[in-house]
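A.B. asks: I would like to see how this sequence folds:
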Amino acid sequence: MLSSKKLSQILLSLVNKKGGTDEVVEGFISFLKEKKALYLLPAIREHLKRTHKDLLQKEEILVYTRYNLSENDLEEFKELMGIPVDVSVRQIQDETLLGGFLVIYDGHIYDGSLKGQVEHLKNTLTY
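C.D. replies: Model prediction:
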């Protein structure tokens, strides 16, 4: 498995080669999801912060849902999570989610997906 530092270098390399960041970052996150390595995102973010602050100046919340939410739903979502009004929201439709949501904000991953809840319940019941 690659280290978070190496993954951050790979991400920066992809951004530099392909130009735009949205598609590259979405593809990178999909890669991490497939490899069950989303837990590395906070460490990757820290590496990026230390080396390339300009890429992270704009605060943003990523919301993964199976179906698109309305602007009103997204604003209520931000309010419920205590996210400042000036933080932009980028919604990403992810058909692999059976239900619920996955949020990435400020280096943290909030897994409110159905799969995540079942996994949490399974872990709770087995210990």
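A.B. asks: Buried ones in the longest helix seen in the chain, by neighbour count?
C.D. replies: In the chain, assigned by DSSP state H, the helix with the most residues is helix 4-18. Using 16 or more other Cβ atoms under 10 Å as the test for burial, helix 4-18 gives 4, 7, 8, 9, 11, 12, 14, 15. From N, CA and C alone the C-beta is placed, and that goes for glycine too.
A.B. asks: Tell me which other helices or strands it touches.
C.D. replies: Judged by 3 or more Cβ pairs under 8 Å, 6 or more residues apart in numbering; DSSP states H and E, helix 4-18 is in contact with helix 22-34, helix 41-51.
A.B. asks: Pull the distance from it to the chain's centre.
C.D. replies: Distance of helix 4-18 from its chain centroid, counting by Cα atoms, centre = their mean, to the nearest Å, is 16 Å.
A.B. asks: Please report the distance of residue 124 from residue 72.
C.D. replies: 34 Å (Cβ to Cβ, to the nearest Å).
A.B. asks: Of the helices and strands packed on helix 4-18, which is nearest residue 60?
C.D. replies: With Cβ to Cβ, the closest approach to residue 60 among those belongs to helix 22-34: 9.9 Å.
A.B. asks: Can you give the contact residues for that closest one?
C.D. replies: Under the contact criterion Cβ atoms under 8 Å, 6 or more residues apart in numbering, helix 22-34 has outside partners 7, 10-11, 14-15, 18, 38, 40-41, 62, 90, 92, 96, 104.
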